[in-house]
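> Sequence plus the predicted model coming up.
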Amino acid sequence: MRTLGRATVFPLRAAIACLLMALLGALATTAPAAQQTPPRLPSIPGLSLPGRNAPSDPPPTIFGDSRDQVDTAVLVSQARVIAGADVPVAVTFKLARGYHIWTRPGPVGEGFAEFSGAIRTEITLNPNAEGKSTPVAGIEFNTPFIQWPEAHGVKADLGDGPQTYAVYEGDFAVFIPMSVSKDAPPGVIEIPINVDFQACNDVGCSAPATAELKATIEVVADAAAAGGAAAGSAFASFDPGTYARIRSGEKPSELLEFNLFDLTFSIDPSGAGFLLLLLIAAAGGLLLNFTPCVLPVIPLKIMGLSQAAQGSRSKCFSLGFVMSLGVVAFWMALGLAIASIKGFETTNQLFQKPGFTIAVGVVIGVMAIGMAGFFSLKLPDWVYMVEAKHDSYTGSFLFGIMTAVLSTPCTAPLMGTAVAWATTQGPATILTVFAAVGTGMAFPYLILSAKPEWIDSMPRTGPASDLIKQVMGLLLLAAAAYFTGAGLAGLMVNPPEPPSHAYWWVVSAFGVGAGAWLVWRTMKLTRKPANRLAFGGLGAVILAVSALIGLSQTAKGPVDWTYYTPDRLAAAQKAGKVVVVDFTAEWCANCKTLEALVLNTPAVSKELNADDVEAIKVDLTGNNTDGNALLKASNRVTIPLLLVYGRDGTLVMNATEYTPAQVLAAIEDARKKGASGG
């Protein structure tokens, strides 16, 4: 239930933490229960400043962990309230003389050093099995506005030389600005509250602890019966203006962490952090053009722009501009759907409907035939009404939409975190962020249409032009087979069992055909050694990669996965194993990429197959109700996603992008959680 702020622990810090926890376990198991003293670890000089703000010691109950040095309690401002009333709740702390606890998760503040081994102080309201806060009927928690105390600084050398670290000390309270719902019926409401913390002093640190508390609020029908304040002066430092800010719709700053790039910053929807987020979202949209989902259509559009430029530079720009509008329009329409349709939070939900995925595949297939001209077929008249011709405004707009649709199974670096955050905000913020993604994705086409001379070398007519169209058409047909096959797999799958992968051979066949056709026609069309080497070599690469895709996606793979059910996860955690949970789906191209480039690498797969590690796969292909519930409980709305749990159930890693080194570090850190009492 305690979550570290970062998944990676530096080697020296990890060694210190491991040694301290091991010695603590030895002390806890050898001391007689009747004479046991608060467990302490080897000295960390300078960690405490004894005597400053030091109250009397808490009650001498012996738990064998940090509860021996920290006394916690819950106080409510009023025991009896009417529906609609505001009820601040205080979690009070009394620390033994000379002891400190680590600050809450998030930025430690200017002037303080970050220690990745710190067990941060966390408050969880009505915790579920995953240790996450969950709703309580009749109560609004207003958790973004929880009022924490000011941090104090203590100096220590924890491996990086003398540093000042942020801690809490003395007597203090954390205020939770709860409110009772206006429609709450009369009666008693009990709210379980868990508090996680670790106490340290100049001798060392006690074992982390979880204090299980409970707040009780009685809702009464008559205002005259309200009252019963039980807090005394405990709420003297509570900021009463908090509720005014809540009512005004104010959004406090949030911390966003981009794991793959080791980028973390605070964001305020009205400040510089939000502008930085928009730039990141646009960069993610730009990178979408380089994903396998979108790459096949780019040469087709470049050729279309090149042909348009021959007639008129102004028409070339206007066609490119209209196509860009199509890209932006799709992303804004997606954002509008998320903002306005109840229960719709992400494109994941669309692709979990097999009918939608199959329809996308069929539309892409029809457009591929029409654009590439690979087949001479008499299609129904309605097909030609939506044919994405490059020289028409309607066709360019539709081509932009299709390009954006193709990108939805892929999530570019940076984009996933930005979009996931946006979906938790209001409609205006959602639309703004999604518009930024679309603008970033459309930007290259707009630039190329404004500078057509940059693409003058592209063949516009003749056999070479036809060859490019045919090859790209075959690759688009591979994409159509991918979507259609993923949809059919979703129709036939019975979660938690894995879906069929047989359709990958069809995808592979179109790719192999595209590569072989490029090699064959190149040898027929040109005798220049340089052209034969370049284009023939490219065809050989396409052929080889396509064949490899078919083999890899239908093979079992190096990791012995357990397919997720709640019981299987619970059993692995009960057995004290490190648990690695990978979310995937047949329609999620990024999931497949990360699995191939990260999880299936020899070093990572060896750890995933270790006896003390349980590798669990959550496949969201089709209607996987349990899998979607776990995704929601993980405070995520998009995949790919990787969770790493420690032996004691601590969530060590929650990341949408990751490297092999980060996964290995998270598994090593997870092994220390719960080992030898730690």
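Nice, thanks for sending it over.

> Check whether G228 really touches S77, as I assumed.
No. If you go by CB atoms under 8 Å, G228 and S77 don't touch, sitting 10.0 Å apart. Heads up, the C-betas are built off the backbone N, CA and C, glycines and all.

> Quick check on these two: which one has the bigger neighbour count.
Shown here are G228 and S77; by other CB atoms under 10 Å, S77 has more neighbours (22 against 13).

> What separation is there between that one and V578?
42 Å (CB to CB, to the nearest Å).

> and what of I468?
Using CB to CB, one obtains 49 Å as the distance from I468 to V578.

> which of the two has more neighbours?
In this view I468 and V578 are compared by other CB under 10 Å, and V578 has more residues nearby, 28 against 19.

> I'd like the distance from that one to L277, if you could.
V578 is 33 Å from L277, where distance means CB to CB.

> Quickly find the element holding S179.
strand 171-180 (DSSP states H and E).

> list the helices and strands that strand packs on?
For strand 171-180, the contact count by 3 or more CB pairs under 8 Å, 6 or more residues apart in numbering; DSSP states H and E identifies strand 86-95, strand 122-125, strand 139-140, strand 209-220, helix 242-247 as packing neighbours.

> Which strands or helices does the helix or strand following that strand pack on?
Heading C-terminal from strand 171-180, the first helix or strand you meet, by DSSP H and E, is strand 187-197. Taking 3+ CB pairs under 8 Å, 6+ apart as the contact definition, the neighbouring helices and strands of strand 187-197 are strand 70-76, strand 86-95, strand 122-125, strand 209-220.

> Can you show me the helices along the stretch 551-678 of the chain?
If you assign secondary structure with DSSP state H, counting those that start in this stretch, the helices in the stretch 551-678 of the chain sit at 566-574, 589-594, 602-608, 625-633, 660-672.

> Run a quick neighbour tally on A547.
A547: 15 neighbours (other CB under 10 Å).

> how near is it to G511?
Taking CB to CB as the measure, A547 falls 8 Å from G511.

> Was I right to think D157 contacts F115?
No. Using CB under 8 Å, D157 makes no contact with F115, being 11.1 Å away.

> and the residue in the chain sticking out farthest from the centre, what are its phi and psi?
Computed with CA atoms, centre = their mean, the maximum C-alpha offset from the centroid of the chain is found at R527, amounting to 50.8 Å. Its backbone dihedrals place R527 at phi -110, psi 0, with angles given as degrees, to the nearest 10.

> same deal with A404?
With angles defined as degrees, to the nearest 10, A404 shows backbone torsions of phi -70, psi -40.

> I'd say it and L325 touch.
No. Shown here, A404 and L325 do not form a contact pair, counting by CB under 8 Å, at 10.9 Å.

> Between those two, which has more neighbouring residues?
Higher neighbour count among A404 and L325: A404, with 24 against 18, using other CB under 10 Å.

> Excluding covalently adjacent residues, which one is nearest to the more buried one?
Using CB to CB, 6 or more residues apart in numbering and skipping the chain neighbours, the partner closest in space to A404 is F330 (3.8 Å).

> State the mean pLDDT of the host helix or strand of the one you found.
F330 belongs to helix 313-340 when elements are defined using DSSP H and E. Mean per-residue pLDDT for helix 313-340: 84.

> Kindly state the domain boundaries assigned to this structure.
If you go by automatic domain parsing, the domain ranges for the chain are 11-255, 271-500, 562-677.

> Now the element after the longest helix seen in the chain, going C-ward?
Residue-count comparison of every helix in the chain, with assignments taken from DSSP state H, identifies helix 463-492 as the longest. Next helix or strand after helix 463-492 toward the C-terminus (DSSP H and E): helix 504-525.

> what's near enough to touch the residue nearest to T562 when sequence neighbours are not counted?
Excluding its sequence neighbours, the residue lying closest to T562 (CB to CB, 6+ apart) is I616, at 5.0 Å. The contact partners of I616, taken as CB atoms under 8 Å, 6 or more residues apart in numbering, are W561, T562, Y563, Y564, R568, L569, A572, V579, V580, V581, D582.

> can you check V663 too?
Contact criterion CB under 8 Å, 6+ apart gives V580, V598, L599, V604, E607, L642, V644, M653 as the residues in contact with V663.

> Might one say that Y393 is in contact with V322?
Yes. Using CB under 8 Å, Y393 is in contact with V322, at 5.0 Å.

> Can you tell me the centre-most residue of the chain?
So for the chain, CA atoms, centre = their mean, it's T656, sitting 4.2 Å from the centre.

> ok, that residue to V74 distance?
Here the distance between T656 and V74 works out to 35 Å (CB to CB).

> Centre of the chain to stretch 320-327, how far?
29 Å (CA atoms, centre = their mean, to the nearest Å).
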